[in-house]
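[1] predicted model and sequence below, questions to follow.
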Amino acid sequence: MSVLLEFAIFPTDKGESVSPYVARVLRVVKESGYPHQLTAMGTIVETERFEEATRLLEAAYRVLEPDCNRVYLVAKFDVRKGPPGRLLAKVRAVEEKVRSS
């Protein structure tokens, strides 16, 4: 199974720049060992089980919770039976079509 999770999480009570808090979350993602990609609007992670993805969201929240009074979190899931590796494969498939058109 392949679970793609795209999420954004940040405190809303820490002013205009929240990059130090996003960096905390990214450390959690990196330490998880799951394939991931940071984007300007969020982070995409691929796990093999839905439960792994939701545990990662929980860990991301837990790293912010101690000193953040209000946390915004939005998450999207794409769950598909079959082999992992879609994080890169989906992008490559589109890029190939763009080159061939």
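    Received the coordinates, thanks. Residues are numbered from 1 along each chain as shown.

[2] residue ranges of the helices in this protein, please?
    Counting by DSSP state H, the chain has helices at residues 19-32, 50-64, 86-100.

[3] between the first one and helix 50-64, how big is the angle?
    So that's helix 19-32. Taking axes from the mean of the first three to the mean of the last three C-alpha atoms, to 10 degrees, one finds helix 19-32 and helix 50-64 inclined to each other by 140 degrees.

[4] helix 19-32 packs against which elements?
    strand 2-11, strand 36-39, strand 42-47, helix 50-64 (3 or more C-beta pairs under 8 Å, 6 or more residues apart in numbering; DSSP states H and E). Every residue, glycine included, has its C-beta placed from N, CA and C.

[5] same list, these, but as JSON lines with distance to V29 please.
    Formatted as JSON lines, the entries for these read as follows, by distance: least, C-beta to C-beta, whole Å:
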{"stretch": "strand 2-11", "distance to V29": "9"}
{"stretch": "strand 36-39", "distance to V29": "5"}
{"stretch": "strand 42-47", "distance to V29": "6"}
{"stretch": "helix 50-64", "distance to V29": "7"}
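
[6] among these, which comes closest to V91?
    Ranking the helices and strands packed on helix 19-32 by proximity to V91 (C-beta to C-beta) places strand 36-39 first, at 8.8 Å.

[7] who does that closest one touch, helix- and strand-wise?
    Counting contacts by 3+ C-beta pairs under 8 Å, 6+ apart, strand 36-39 is packed against helix 19-32, strand 42-47.
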